[in-house]
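> pasted the sequence and its predicted model underneath.
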Amino acid sequence: MHADSLQGRFLTGKPLAALCAATLGVVLTLGLWPFTAPRNAVAWIPGSNGLLFGDPGTAVSRPDFPLTAPREAPCSLEIWVRPARTQASGTLAAFYTPRNPESFALRQSLSDLLLERSGPRLSRLYVDNVFQPARSVFLTVSSGPGGTSVYLDGALKRAASGFRIDARDCAGRLVIGTRPTDNDNWSGALLGLAIYHSEIEPAEARRHYEAWSRDGQPALDAGDACAALFLFDERGGDWAYDRNPAGPDLFLPDQYEIQDQAFLKPFWKEFELSCSYFRGAVKNIVGFVPLGFLYYAWFAVKAPARRAAWKTVLLGFAVSLTIEVLQGFLPTRDSGTTDLITNTLGTWLGVLLFQRVGTRSRV
């Protein structure tokens with residue numbers, strides 16, 4: 001039995017056409033679901049101060065934090081959070097400007113804290129074993145000429161002289177719960193947030209932590225240079241207000257949104273040495289194998305095998321390109337070129353699989 005006889009007995013006419021159409025529909029649905037921007041999953045904690053961020057959820061500052069601080073000015077940030085889980089990753093907070101879409105970001109990477117600063121080169125600082133299940137953590141990031149110190153619950157966790165942020169990195173639009181440029185959702189409770197245009201010394205870090213834990217807010221003095229303070233004690237409404245009268249407030253939109261969503265992000269920028277990255281690549285390859293298998297069978301009925309193979313691979317590429325272009329308008333999906341490569345590879349493997357089945361089916 002040859003490949004064409006395999007088509008004649010099992011995959012031909014209306015059944016094959018129906019299978020091809022169904023496979024294409026499933027691929028498009030999986031690639032574009034939920035088709036529209038979902039409702040923003042942010043709610044006030046019942047009977048307590050704080051915001052609960054679900055999947056997906058975000059809050060954004062309006063207006064932006066002004067770029068008034070001098071370059072190289074020190075900067076510190078305090079954030080009080082309780083992650084929903086530790087076997088997950090996501091962006092807690094990030095600052096966005098059109099010229100520098102991801103100037104500075106704090107991310108949860110499983111149980112670790114990750115600080116990222118972009119610029120001429122992306123620099124990263126990992127702090128191990130910060131997050132624990134169902135436990136609130138109070139993080140203090142203090143940066144100045146000598147580098148950056150990270151405190152956990154008022155105690156020094158890590159000091160890095162080679163990593164530095166300044167006050168201009170903590171300016172622009174503040175985005176909570178995801179990245180400004182793509183969907184990197186973080187889930188959990190946000191209990192407090194403060195930004196300072198000054199360094200926080202070890203004794204101050206301890207004093208602030210104790211005050212936040214006792215009173216729900218820091219005990220500030222004139223030297224703290226507090227640029228923003230969010231206590232999240234409104235317990236309702238669409239706004240969380242900055243207790244600094246000159247600062248912007250945080251808005252809770254009705255629908256989940258990405259501030260400047262990446263469009264066909266280059267594969268070299270998407271690449272990561274992580275299990276989740278490679279799992280996603282394998283899923284994208286496997287997901288297009290049925291499309292390549294069935295459409296090759298369809299095209300090979302009336303065309304030579306080589307031409308049918310090229311038509312099938314080009315169809316897989318076109319379907320993938322359509323999905324990636326449309327994903328650029330869906331905030332819960334990521335538009336990138338890595339999927340173009342993996343989807344097209346999956347289509348080609350589907351063609352090879354059908355050719356292999358046909359060869360083995362000879363009698």
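Perfect, thanks for sending it.

> hang on, residue 93 in a helix?
No: Residue 93 sits outside any helix when classified using DSSP: H, G, I helix; E, B strand; the rest coil, being strand.

> who does it bridge with?
Each beta-bridge partner of residue 93 is listed here: residue 106, residue 176, as defined by DSSP bridges.

> tell me, how many residues neighbour it?
22 (other Cβ atoms under 10 Å). C-betas here are computed from N, CA, C, even on glycine.

> correct me, but it touches residue 79?
Yes: counting by Cβ atoms under 8 Å, residue 93 does reach residue 79; the two are 6.5 Å apart.

> joint contacts of those two?
Shared contacts of residue 93 and residue 79 (Cβ atoms under 8 Å, 6 or more residues apart in numbering): 106, 193.

> what about the residue positioned nearest the centre of the chain, which SS state?
The chain has residue 184 as the residue nearest its centroid, 1.4 Å off, counting by Cα atoms, centre = their mean. When classified by three-state DSSP, residue 184 comes out as coil.

> quick one, phi/psi of it?
The phi and psi values for residue 184, taken as degrees, to the nearest 10, are phi -140, psi 60.

> that one reaches residue 92, doesn't it?
No: between residue 184 and residue 92 there is no contact under Cβ under 8 Å: 10.0 Å.

> so what sits against both of these two?
Joint contacts of residue 184 and residue 92 (Cβ under 8 Å, 6+ apart) are residue 107.

> that older thread, wait, what's in contact with the residue nearest to the centre of the chain?
Residue 184 neighbours (Cβ under 8 Å, 6+ apart): 89-91, 107, 178.

> residue 152 contacts residue 135, doesn't it?
No: taking contacts as Cβ under 8 Å, residue 152 lies outside contact range of residue 135: 11.0 Å.

> which one of these two has more residues nearby?
A count of neighbours by other Cβ under 10 Å puts residue 152 above the other of residue 152 and residue 135, at 19 against 11.

> which residues of this structure fall in helices?
Secondary structure of the chain (DSSP state H): helices at 3-10, 13-32, 202-215, 267-270, 275-299, 305-327, 338-360.

> residues contacting the residue lying closest to residue 327 once chain neighbours are set aside?
Sequence neighbours aside, residue 333 is the residue nearest to residue 327 in space, at 3.9 Å (criterion: Cβ to Cβ, 6 or more residues apart in numbering). Neighbour list for residue 333: 31-32, 183, 327 [criterion: Cβ under 8 Å, 6+ apart].
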